[in-house]
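Q: Kindly generate the corresponding structure for this input.
(3 chains)
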Amino acid sequence: MTIIALVDCNNFFVSCERSADPALEGRPVVVLSNNDGCIISRSDEAKQLGIRMGEPYFKIREQLKQKQVRVFSSNFALYSAKSVQVMELLKQFSNILEFYSIDESFLNLNHIPPRMLRDFAMEMKAKIKQQSGIPVSIGIAETKTLAKLANAIAKKAKRFEGVLNLYQSPHLDLALSRTPVEKVWGVGRRNAIALRNANVLTARDLRDTKDSWILRRFNVVMMKTVMELRGTPCLPIQQSPPERKSVMYSRSFGTLIETQNHMEAAVSDFTARAAEKLREAGMAAHYLSVYMRTSKYLSSDARYSTSGELWLPAATDCTHDLIREALGITRRIFREGFQYYKVAILLTELVPASAKQMSLFETRDVNQLQTLMQTLDSINHTFGARTLQYAAEGLQKPWSSKKEILSSAGMAATTEMSKTKTQPLSKTVRPRPLLGFVHPVHG
DNA sequence: TCTGGGGTCCTAGGACCC
DNA sequence: TCTGGGGTCCTAGGACCC
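A: Below you'll find the model as predicted:
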């Protein structure tokens, strides 16, 4: 048998803000998505006020002000650092664990006697709170899907004090029968409708369906979910993350883009960010796509989206190669007369950087390029993102995402933003890649 | 004025082959 | 006579996750 715990940080982004400023404790707090678009994390107090997940910020801005809700732009530098801190603490409790997402980890607890599980989890929870300031909930069961389910109940029902152990529990049936089918991990909105129409209403109903019906009506993914509800593990703990298959960098703009000049600068900027992620993953890409679109919410004649792709003759992780090709694509696909809202850079067909092959026509010194990229990354890592950047990325970046209400902890993490002088971007200046680096802080 | 940003996996259907 | 049958590969789109 396997014993699996799911440790989930409560209201994670809000809890991070609170750990940086304890005065936020007990008050309603929310955190916004990128570009201050919508609500992505809420404290319990905010939930009680009826503030919904994913709600557009502009729609409830006044309401939040009236109710004295503290609002923060998202600050992923802070959240990542907190996440690492919690992960390090978790390693003290099991050496078989999976960091599933920024705020959730699965732990194998086979080394704990079943009757000790609850005490063990309570201790884990207390230690994490004490050392990192982050409150967590813990669910324990035979499979990941059941641990998820236990966790959701632990989080909601106060009497469990944040820990629910359903491992070999006589209460499992009751827990399953009180969990609506759409709350089961792996059952999304669409499948929930199909299940409800077939009168499968709860996790228990789903567990008790026939295999043949599931396979006929759904697929092997749903079958695994059903097996997991029955206590048969189908989703193993993945101790090392599977190799990346793609890297994407995508953002909506703070100010809409209308000119090709600005678009080329934004594409250069985004491509540089994607290339950084690529190198961080230790990969090189064979395939590059550039995608741009207007807002989805415009009338159909003002709406436009387009994309262009390119096979690279040799896989690369080199920022200036990728920028050059991305600009080539951009010049091919850009159309005047639209207000662009978002751009995405997608890198696929990844190979390990160590295995990349040189193009037959490569005339540059490849080792020198590699050293250059390493130096670039290490300087930006030490002195802050975008300390060094390509001229093509532009200095002013009027399209940058809005982040109007960063906490003071947030400002500390992104000092280079506040130091950058703002000047109007001259329309006559055409971005020129491959010219070298600029230094925006003193530039 | 204003609506997140990533990822993965599966299936269906077409093209092509023997 | 009659309208095989299986296999692979690719792509677009759907569905799900946090």
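Q: where does chain A dip in pLDDT?
A: For chain A, the stretches with pLDDT under 70 are A:356-361, A:385, A:408-443.
Q: Residue numbers of it in contact with DNA strand B?
A: For chain A, the residues in contact with DNA strand B (Cβ under 7 Å from any atom of the strand) are A:33-35, A:37-38, A:40, A:54, A:56-58, A:219-221, A:242, A:244-252, A:256, A:277, A:295, A:297, A:341-342, A:344, A:401. Yep, even glycine has a C-beta here, placed from its N, CA and C like the rest.
Q: tell me the contacts of whichever residue of the stretch 101-250 of chain A sits closest to DNA strand B?
A: Nearest residue of the stretch 101-250 of chain A to DNA strand B (Cβ to the nearest atom of the strand) works out as residue A:248 at 2.7 Å. By Cβ atoms under 8 Å, 6 or more residues apart in numbering, residue A:248 lies in contact with A:274, A:344, A:345, A:346, A:347.
Q: wait, does the helix or strand harbouring the last one contact DNA strand C?
A: Assigning secondary structure by DSSP states H and E places residue A:347 in strand A:340-352. No - shown here: strand A:340-352 not in contact with DNA strand C (Cβ under 7 Å from any atom of the strand), separated by at least 9.7 Å.
Q: how about the CA coordinates for that strand, as PDB?
A: Provided in PDB are the C-alpha atoms of strand A:340-352 (Å, rounded to 0.1, in the frame of the first residue of the first chain):
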ATOM      1  CA  TYR A 340      -2.700  44.500 -30.400                       C
ATOM      2  CA  TYR A 341      -3.400  43.400 -26.900                       C
ATOM      3  CA  LYS A 342      -1.100  40.300 -26.400                       C
ATOM      4  CA  VAL A 343       1.900  38.600 -27.800                       C
ATOM      5  CA  ALA A 344       3.200  35.100 -27.200                       C
ATOM      6  CA  ILE A 345       6.500  33.400 -28.000                       C
ATOM      7  CA  LEU A 346       6.500  29.700 -28.100                       C
ATOM      8  CA  LEU A 347       9.600  27.500 -28.300                       C
ATOM      9  CA  THR A 348       9.100  23.800 -29.100                       C
ATOM     10  CA  GLU A 349      10.900  20.800 -30.400                       C
ATOM     11  CA  LEU A 350      13.300  21.100 -27.500                       C
ATOM     12  CA  VAL A 351      16.500  19.100 -27.200                       C
ATOM     13  CA  PRO A 352      18.900  19.200 -24.300                       C
END
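Q: Tell me which helix or strand comes right after that strand.
A: helix A:366-383.
Q: Any chance you could list what contacts that next one?
A: By Cβ under 8 Å, 6+ apart, helix A:366-383 touches A:276, A:279, A:280, A:317, A:318, A:319, A:358, A:386, A:387, A:388, A:437.
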